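Asks: Test case, fold it:
(one chain, ligands or ions: 1)
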Amino acid sequence: MLTTIGVLTSGGDSPGMNPAILAVARTAQSKGVHTVGIRNGYDGIFTGDFLRLGDRAMSTILERGGTILQSSRCKKFYSEEGREQALKILREAGIGGLVVIGGDGSLTGARFLHQMGMPVIGIPGSIDNDLYGSDMCVGVDTAANTIMQLVDKIKDTARSHRRCFLVEVMGRGSGYLALTTAISSGAQVAVIPEYRVNIPRILHLLRERYEKTKESSTIILAEGVCPAGEFIRRLEEEAGDSSLLQEVRTTVLGHVQRGGAPTHFDRLLACRMGELAVNALLQGESGSVTTLNKGRMALKDLNDVLGRKRHPAPEIIRLARHLQIEFGDVVEPS
Ligand code: ADP
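Replies: Below you'll find the predicted structure:
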């Protein structure tokens, strides 16, 4: 019988990890099951950095960004020997099931533990929204709102000086954040890894706006394409005459995108996923991840999710096209 569940957050943090921890602990409590928080990702297993998640620990975490359990990247967990040791420690601590909150890498580690016999359920916490099989990951909505609000501010000054702003946002392998925030913030260009950038078209668009309509422009660049500085160099090389590009200002948003109080959407999503994860463990499920599909929660097998990437949905691509956002050309399969 499952009497104690462990929960940890691993890899890149995302806003909403705390509500997920809270929902795991509260749901477990409502079923008479204890929850142990493991600090510092997989590292905390080796150091025995365990914390009983009672009511006091939970009282103020819902609205806090980051993760109260802290996170890490743990080298030891990549080796089979390390994972065997981790499994032994978890068993000795009486942990009969584990909830892992994290991105692709953390969930890959979770699948190993499941394969070794530890019941594990994953919760996707990642601002990139690149987990295959879920419409949204915990943290994406907050990050997108942060980007949108910052771009709104940037646009105020851009308009006042008729400048072009290049804003670099997170998204290593996925253009979801860049494309959807280009839509919500009214940017003219999104440069995303899924589509091949068309520099001549971007320059034409910038010139038209700058010289003819006297308007400012905003370009949102996903970090996964290239760093902002390199992108500007590519524009300059193609432009030849750089008078237009002297007016381009660059903002790299960086880690502000990860922080901040989770939005209502992220809190609710995280709570729904935390509840589902605990119910699943109590029903003897393992090796799955909680997902959101067309508004409903669903468990999916980690084998069907890992090793694949989720990209912006066709409806979003179509919408961006209809809104006349320039986002490049389809990459033909080679
Ligand atoms: P994220 O979970 O945000 O994708 P990482 O890829 O850095 O972040 O993974 C976080 C941690 O998960 C790693 O430091 C490691 O402890 C564990 N992990 C990642 N990939 C694997 C793997 N292939 N095998 C075992 N553990 C892994």
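Asks: which residues of the protein fall in strands?
Replies: Ranges of strands within the chain are 4-10, 34-38, 50-52, 97-102, 120-124, 164-169, 189-191, 195-196, 217-222, 248-252, 288-293, 296-301, 329-330, based on DSSP state E.
Asks: Which residue comes closest to Pro200 once chain neighbours are left out?
Replies: Glu238 (6.5 Å; CB to CB, 6 or more residues apart in numbering). For glycine as for every other residue, the C-beta is placed from the backbone atoms N, C-alpha and C.
Asks: Could you check how far that neighbour is from Tyr78?
Replies: Applying CB to CB, to the nearest Å, the value for Glu238 to Tyr78 is 42 Å.
Asks: Report how many residues lie close to the residue nearest to Pro200.
Replies: The local packing of Glu238 (other CB atoms under 10 Å) involves 12 other residues.
Asks: ok, it - contacts?
Replies: Contact analysis of Glu238 by CB atoms under 8 Å, 6 or more residues apart in numbering lists Ile199, Pro200, Leu203.
Asks: Quick check, the residue in this structure closest to the ligand?
Replies: Gly105 (2.0 Å; CB to the nearest ligand atom).
Asks: what's near enough to touch that residue?
Replies: Residues in contact with Gly105 (CB under 8 Å, 6+ apart) are Ser10, Gly11, Arg73.
Asks: since we're on the nearest residue to Tyr176 once chain neighbours are set aside, how many residues are nearby?
Replies: Nearest non-adjacent residue to Tyr176, counting by CB to CB, 6+ apart: Asn129, 4.1 Å away. By other CB under 10 Å, the residues close to Asn129 number 24.
Asks: got it, and Gln324?
Replies: Using other CB under 10 Å, Gln324 has 8 neighbouring residues.
Asks: switch to numbering from 51
Replies: From this message on, residue numbering opens at 51, which makes the last subject Gln374.
Asks: residues contacting it?
Replies: Applying CB under 8 Å, 6+ apart, no residues qualify as near Gln374.
Asks: Ser266 too?
Replies: Ser266 makes contacts with Lys205, Ala208, Arg209, His211, Arg212, Arg213, Cys214, Phe215, Arg259, as judged by CB under 8 Å, 6+ apart.
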